[in-house]
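*Asks:* fold the following and give me the result.
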Amino acid sequence: MHKCSLKNDGKVLMQFGGRGNAAAILEVVDGLISEVKWSGYFEGFRFPYGFFGPDEYRTWLERAGLSALRMDFICEVVDRYIRVHPLDDEGNVHVGMVRLEVEAEKNDHGNTSQTTGL
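*Replies:* Numbers count the residues shown, from 1 in each chain. Next up, the predicted model:
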């Protein structure tokens, strides 16, 4: 973020995938894309995302001239969650989440009153 992008005393809300985000599925993907069957599709591919922890984000915020206001709130949420949902045998926390994927197409007739089971 450019230091002049925010007014003095302005605030910004940012959300990031934290360290360990999607680690299990990414491990599977890494394995698959290295197999002969799939590797040709991924030549030169670099995963464009990084998942970092509070220390890295705090450093980057300070470099940008910002002060973290609620990072500690998230840490407290995690601490309380772990009290109720303890770590597994490998030291991992499991958070049940649901994703919704929607594929839609515009009706050729522009008629929005008809639904298809939704």
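*Asks:* grab the nearest non-local neighbour of residue 75.
*Replies:* Spatial nearest neighbour of residue 75, excluding adjacent residues (C-beta to C-beta, 6 or more residues apart in numbering): residue 54 at 6.8 Å. Glycine gets a C-beta too; all of them are placed from N, C-alpha and C.
*Asks:* what's next to stretch 20-36, contact-wise?
*Replies:* Stretch 20-36 has contacts (C-beta atoms under 8 Å, 6 or more residues apart in numbering) with 38, 39, 41, 42, 45, 47, 51, 92.
*Asks:* on the three-state scheme, residue 24 is what?
*Replies:* Of the three states, residue 24 takes helix under DSSP: H, G, I helix; E, B strand; the rest coil.
*Asks:* just to revisit the earlier point, can you redo the contacts of stretch 20-36 as a markdown table with pLDDT, distance to residue 25 and neighbour count?
*Replies:* Formatted as a markdown table, those follow (pLDDT from 0 to 100; distance: C-beta to C-beta, whole Å; neighbours: other C-beta atoms under 10 Å):
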| residue | pLDDT | distance to residue 25 | neighbour count |
| --- | --- | --- | --- |
| 38 | 92 | 15 | 12 |
| 39 | 92 | 19 | 12 |
| 41 | 90 | 18 | 8 |
| 42 | 91 | 16 | 15 |
| 45 | 89 | 16 | 9 |
| 47 | 86 | 12 | 10 |
| 51 | 87 | 12 | 14 |
| 92 | 88 | 13 | 10 |
